[in-house]
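**Q** Here is my input; please provide its structure:
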Amino acid sequence: MTANRNFKRRVRARAAKTGESYTAALRHFRATPPGESMPKNTALRLSVAQLTVAPDPGDTAALRDSGEQIRRLMREAHAAGARLLHLPEGALTCPDKRVMSATGPQNIGAADWSRTDWATLADELRAITELAGELRLWTVLGSVHRLTAPRRPHLSLYVISDSGTIATRYDERMLSNTKVSHLYTPGSAPVTFTVDGVRFGCSLGMEAAFPEIFLEYERLDVDCVLFSTHGPGTPANNGPFALQAQALAAANSYWVSYAGTAQDAPNAPSGVVAPHGDWLTRCPPEPVPAIATTELDLSAENYARPWRRVARSGLYAQHQAPNDPRSLDRVNP
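**A** Presented below is the predicted three-dimensional model:
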């Protein structure tokens, strides 16, 4: 297992250095018999979900219902052959600023986190983690992560491995004004992890509005960014985060999995965007829990991504005209 991880690390290091795809870099490490093509073995089946999120982390019954919803969707994803299930922001609990405000719903103030049922949240996360191990299903879900008082919690994505352990955690970095003022402690670093040779990055909340987050993941050589959100849910808003997810996938030439809530589905259902910017699959545009499943196939060459890396490396400087104000090329006819 260690040797296999080291081998993949060497392949990815070459791909990052040269701008090649993973498959192209792999050819330099594996001998291909004469007359045979390189095996296309870098693929992964991904399910993305939408589900109804609960606004009150102190509502024990609602927390247990959220856990049941998640485990039901995990079983559906497993039946669909998925290796990874991606769930939205606040899948376990999605605290509402008006519910949490210590000064009441009309005058939003600091969140009162003492009302949270942390014990039930821990129980539900434990049950989800155990099921992930039973199903051999990587599961990525949004919740809140408790910090030592007086620190506010993180708004997080838990990455649960197929062995039934929490492999890593991503904390939203680019918080909204309300979140950073009254609700959460911001995160500080990107997070990546690899499943079956496919490298994932994590993003959360309103971070689709910050292209630098997604460009950073391009530089970290991810194949797919898992973006979990809880949008405004108003039809007139036209799903800006979903539109931005499309644009970011196309601009960076990787997959983006967009996981929103069931409440937002009529406006922007969950789905997966291909590296060229088109939706590969989407959940139904109805306010109900659902999954959509697709295949991420890394065997196809991706010419746009290495070219952008070359273009950003200073390529154009050698072709630019000298900045001479006397040049006739700069005089309008």
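
**Q** What sits closest to residue 146 if chain neighbours are left out?
**A** Once flanking residues are discounted, residue 146 sits nearest to residue 153: 5.3 Å by CB to CB, 6 or more residues apart in numbering. Backbone N, C-alpha and C define where each C-beta goes, glycine included.

**Q** and residue 170, which of the three is it?
**A** What DSSP: H, G, I helix; E, B strand; the rest coil gives for residue 170 is strand.

**Q** can you tell me how far it sits from residue 226?
**A** 9 Å (CB to CB, to the nearest Å).

**Q** Kindly report the same for residue 152.
**A** Distance from residue 152 to residue 226, by CB to CB: 24 Å.

**Q** Comparing these two, which residue is more hemmed in?
**A** Comparing residue 152 with residue 226 by other CB atoms under 10 Å, the one with more neighbours is residue 226, at 27 against 19.

**Q** from memory the more buried one sits against residue 85, does it?
**A** No. Using CB atoms under 8 Å as the test, residue 226 is too far from residue 85 to be in contact (10.3 Å).

**Q** and the closest residue to residue 197 other than its chain neighbours, how many neighbours?
**A** Excluding the flanking residues, the one nearest residue 197 by CB to CB, 6+ apart is residue 42, at 4.7 Å. Other residues near residue 42 number 19, with proximity taken as other CB under 10 Å.

**Q** With residue 129 instead?
**A** 17.

**Q** Give me the secondary structure label for it.
**A** Quick answer, by three-state DSSP: residue 129 is helix.

**Q** Toward the C-terminus, what is the element adjacent to the longest helix seen in the chain?
**A** Criterion DSSP state H: the longest helix present in the chain is helix 60-79. Moving toward the C-terminus from helix 60-79, the next helix or strand (DSSP states H and E) is strand 84-86.

**Q** Please point out which parts of the next helix or strand after that following strand sit buried.
**A** Note on strand 84-86: by DSSP H and E, the next helix or strand toward the C-terminus is helix 97-100. Judged by neighbour count (16 or more other CB atoms under 10 Å), helix 97-100 contains these buried residues: 97, 99-100.

**Q** for stretch 275-290, same thing?
**A** Those would be 275, 279-283, 287, 289-290, for stretch 275-290 by 16+ other CB under 10 Å.

**Q** hey, C-alpha coordinates of whichever strand or helix holds residue 310 in PDB?
**A** Mapping residue 310 onto the secondary structure by DSSP H and E places it in helix 304-311. The C-alpha trace of helix 304-311 is given here as PDB (Å, rounded to 0.1, in the frame of the first residue of the first chain):
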ATOM      1  CA  ALA A 304      -6.600  23.100 -22.000                       C
ATOM      2  CA  ARG A 305      -5.200  22.700 -18.500                       C
ATOM      3  CA  PRO A 306      -1.500  22.200 -19.400                       C
ATOM      4  CA  TRP A 307      -1.700  25.000 -21.900                       C
ATOM      5  CA  ARG A 308      -3.000  27.400 -19.200                       C
ATOM      6  CA  ARG A 309      -0.100  26.400 -17.000                       C
ATOM      7  CA  VAL A 310       2.400  27.100 -19.800                       C
ATOM      8  CA  ALA A 311       0.600  30.500 -20.500                       C
END
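
**Q** Can you name the residues in contact with stretch 292-301?
**A** For stretch 292-301, the surrounding residues in contact (CB atoms under 8 Å, 6 or more residues apart in numbering) are 21-24, 40-48, 77, 80-82, 197-198, 223-224, 255, 269-272, 280-283.

**Q** Between the two ends of stretch 280-297, what distance do you get?
**A** Terminal residues of stretch 280-297 are spaced 12 Å apart (CA to CA, to the nearest Å).

**Q** Residue 114: what secondary structure?
**A** helix.

**Q** Tell me which residues touch it, please.
**A** Counting by CB under 8 Å, 6+ apart, residue 114 has no contacts.

**Q** roughly how far apart are it and residue 180?
**A** Taken as CB to CB, the span from residue 114 to residue 180 is 20 Å.

**Q** Could you do residue 111 as well?
**A** Taking CB to CB, one finds residue 111 at 12 Å from residue 180.

**Q** re earlier: what is the nearest of the buried residues of helix 97-100 to residue 248?
**A** Taking CB to CB as the measure, residue 248 lies nearest residue 97 of these, at 26.3 Å.

**Q** one step back: residue 111 and residue 180: which is more packed in?
**A** residue 111 (24 against 14).

**Q** How about the contacts made by the nearest residue to that one once chain neighbours are set aside?
**A** The shortest distance from residue 111 to any non-neighbouring residue, by CB to CB, 6+ apart, is to residue 100 (3.9 Å). By CB under 8 Å, 6+ apart, residue 100 lies in contact with 57, 111-113, 115, 182-183.

**Q** buried subset of those?
**A** 57, 111, 113, 182-183.

**Q** That concludes my questions; thank you for your assistance.
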